[in-house]
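Trainee: Sequence first, predicted coordinates after that:
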Amino acid sequence: MEFWYFGVPSVTGIEALAQKCEQLGFDGLTLTDSQNLSNETYIALTLAARATSSLMLGPGVTNPLTRHAAVTASAIATLQEVSEGRAILGIGRGDSSLFNIGHKPVPPSTFQNYIEVLQVYLNGRSLDTNGYESQLKWLNNANIDKVPIDVAATGPKIIGMGAINAERVSFALGGDVDRIGWGINQVKRSLVSNTRTIDAKPSLGVYLNICVHDDVKRAAELVRPGVGIFAHFTGMPGANREHVNQADQSTFDKLGSGYDKARHGKGDAAHAQEMSLEFIDRFSVIGPPEVCIKKLKDIRALGIERVSVIGPRPDQFGAEAEHALERFASDVIPAFRS
């Protein structure tokens, strides 16, 4: 099982963070792509690539609106060249990157078309754009492997689309084993009903809020800001919730209707305070090492190959966040390396 650290791009300290992740045994580093909230992700990823030798790298996640597909393809292919083959393109429908410029997540059909166009560009092929043959011409002279696309998905339409059109699908469903199992079933249904555009079956991953801590209540507070972000995807109006624990429906309702975008990622936001300890415990992976290891092994047994670890935010929790990261690396990762 791969473990990726989920971070925020910064031009100060990104090299040190990347080197620390590599030294701690993480397989990859993914950085958010939200232009109004943090530094430019591709610049930060390039700095991280220059500072490391084995760590995989990519946006977590970019979107189909703020950059033309050719621009995204060129940026991630350049990172692939700089990193000597360590790039992955994480992409979703858009959240904070879009609402901060007055847009909603793009429709599933728009997202699918964007992914299909990205695949054309990243494979070095050309396509007609208003009568002009568009191609990343420089890519044919670059000695690099094709960059895999990793679709971040919550609902059945995006899960199904990613299963057909991308190399990877990563679920943003939380840590409930039954919900993740539902997501995997959506992938299987899509593969049965449609012809996959890529030879190999999609590699499956999950985004998980994780905190190794002997005090479960404190661990819940440390991941509360991140759980608020990822849980509100399920609470959005129109989101499919047929697979959601009945006890959690009212919490998702409140997250959907009362999400304070101005307090995005803040644990003291009113919407984040609506989440009970029990809800956070079900949605995340928190507690002593043995508890976290068991839950992650249960998730791995479903067929999950990759975990993006969303830990406590260093900008909010300082040394506690650093300790949680180090403890995950020392007390949890080794259980999956034998």
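Mentor: Yep, it's here. These numbers come from a predicted model, not from an experiment.
Trainee: count of neighbours near residue 37?
Mentor: By other Cβ atoms under 10 Å, 14 other residues sit near residue 37. From N, CA and C alone the C-beta is placed, and that goes for glycine too.
Trainee: Check residue 108 too.
Mentor: Residue 108: 15 neighbours (other Cβ under 10 Å).
Trainee: Let me see the ranges of the strands in the stretch 101-250 of the chain.
Mentor: 127-129, 132-134, 149-153, 168-171, 203-212 (DSSP state E, counting those that start in this stretch).
Trainee: ok, and what's touching the third one?
Mentor: Applying Cβ atoms under 8 Å, 6 or more residues apart in numbering, the set of residues contacting strand 149-153 from outside is 58, 60-61, 88-92, 115, 118-119, 122, 158-159, 161-162, 165-172, 183, 205, 207.
Trainee: ok, now the fourth one?
Mentor: Under the criterion Cβ under 8 Å, 6+ apart, residues 88, 90, 148-154, 159, 162-163, 180, 183, 187, 202-207, 306, 308 lie in contact with strand 168-171.
Trainee: I'd like the distance from it to the chain centre, please.
Mentor: Distance of strand 168-171 from its chain centroid, counting by Cα atoms, centre = their mean, to the nearest Å, is 8 Å.
Trainee: And the residue nearest the centre of the chain, how far from residue 302?
Mentor: Closest to where the C-alpha atoms of the chain average out (Cα atoms, centre = their mean) is residue 60, at 4.6 Å. Per Cβ to Cβ, to the nearest Å, residue 60 is found 21 Å from residue 302.
Trainee: Could you dump the strands of the stretch 101-250 of the chain into TSV with mean neighbour count, mean pLDDT and distance to residue 324 added?
Mentor: Output for the strands of the stretch 101-250 of the chain, formatted as TSV (neighbours: other Cβ atoms under 10 Å; pLDDT from 0 to 100; distance: least, Cβ to Cβ, whole Å):
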stretch	mean neighbour count	mean pLDDT	distance to residue 324
strand 127-129	12	95	45
strand 132-134	11	96	45
strand 149-153	26	97	23
strand 168-171	26	98	21
strand 203-212	26	98	5
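Trainee: So which of those strands is nearest residue 71?
Mentor: strand 132-134 (11.6 Å; Cβ to Cβ).
Trainee: So what touches the closest one?
Mentor: 70, 121, 126, 127, 128.
Trainee: In terms of pLDDT, where does the nearest residue to the fourth one once chain neighbours are set aside sit?
Mentor: Closest residue to residue 127 in three dimensions, ignoring its sequence neighbours and counting by Cβ to Cβ, 6 or more residues apart in numbering: residue 120, at 4.9 Å. With respect to pLDDT, residue 120 has a value of 98.
Trainee: What of the one 5 residues further on?
Mentor: The predicted structure scores residue 125 at 97 on the pLDDT scale.
Trainee: tally of neighbours for it?
Mentor: The number of residues near residue 125, taken as other Cβ under 10 Å, comes to 13.
Trainee: All good on my end, thank you.
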